[in-house]
Structure formats: C-alpha cells, structure tokens
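Engineer: quick one, what's the 3D model for this:
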Amino acid sequence: LAIDQYNSWFTFSEYEEAVTPRSCRPIHARELATVNAFRSMKHDDMMVGAFSHSTAVGKLRKDLPDVPTDARVDFPRYTLDEAAAVCHYYLRQRLIRREVFTEEKWKKIYYLSNGNGSEMRWLAPLIW
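Structural biologist: Sure, this is the predicted structure:
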C-alpha cells in the first residue's frame, strides 16, 4: 500500500467543520475515519517514506511517531549492466520500438539520465 502525504496523518486536514453559520474549525487528521483505519494498522514492522518535493511538511521525519532514526535507505543509480537490462525490459514490454532500438541509443539514455531509473523511463520514448 502506498500512501501519499504520510505527514498529513499527524496534522490538520484541509477539511473544516461548520461551528456557526460564519465560522468553521479545522478538522485534525485523527478525526477522519479513513486515517484512523490506516493508523490502527501501523505497527513496528515497517514504514517506507519518500520526499514529495512539497514544502508544506506537517512534521519532520524525526518528529513522527515510531520512525526509527535509521529508516532512510539510499538506493544507488543503475550500473551500465542494470541499465542494459532495463532497456531490454522496455523493449519486451513494447515501450520501445524494436526497429529503432540500438545499443548506442540505450547508452545515450543511460548517460543523459546518469543512471537514474525514473529519468531513463521518461527519456526512453523521446529518444526512440
């Protein structure tokens, strides 16, 4: 299960409750049924997080409950052999047309993206 904006489980939501005809109060995430249902399934087993490039962060990772200090894992970029395997996978999945697939072109993708997998996938249709 992938959840976007995990931080929003611990801050105020964008929803409001009408208190009087002219005033509203913000609703905290813990008051929302869906958030409560998922928070009850959160255990010590595992939590995976990724930056969303959002500047609207409710709490820092160290301030969130049950997040171990060594929770961040950096994944290296593809090696040249891994990039070749990925390009051949794209070929098998028909993301790349066979008639224009050359070794020179997949190496160009690799060097343009510096081995970044998501950039390789984005560049593949443009190069072919």
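Engineer: number of residues surrounding Ile109?
Structural biologist: The burial metric for Ile109, expressed as a neighbour count using other CB atoms under 10 Å, is 23. Where you see a C-beta, it was placed from the backbone N, CA and C, and this is true even at glycine.
Engineer: secondary structure element for it?
Structural biologist: When secondary structure is defined by DSSP states H and E, Ile109 falls within helix 103-113.
Engineer: looking at that helix now, give me its mean pLDDT.
Structural biologist: Taken as a whole, helix 103-113 has a mean pLDDT of 87.
Engineer: now do whichever helix or strand Trp122 is part of and helix 103-113, the angle between them.
Structural biologist: Under the criterion DSSP H and E, the helix or strand holding Trp122 is helix 117-127. Using axes from the mean of the first three to the mean of the last three CA atoms, to 10 degrees, the interaxial angle of helix 117-127 with respect to helix 103-113 works out to 130 degrees.
Engineer: what residues sit buried inside helix 117-127?
Structural biologist: The neighbour-count criterion (16 or more other CB atoms under 10 Å) identifies 120, 123-124, 127 as the buried residues of helix 117-127.
Engineer: also stretch 74-83?
Structural biologist: Buried residues in stretch 74-83, counting neighbours by 16+ other CB under 10 Å, are found at 78, 83.
Engineer: what does it contact?
Structural biologist: With CB atoms under 8 Å, 6 or more residues apart in numbering as the test, stretch 74-83 has contacts from 86, 106-107, 109-110, 114-117, 120.
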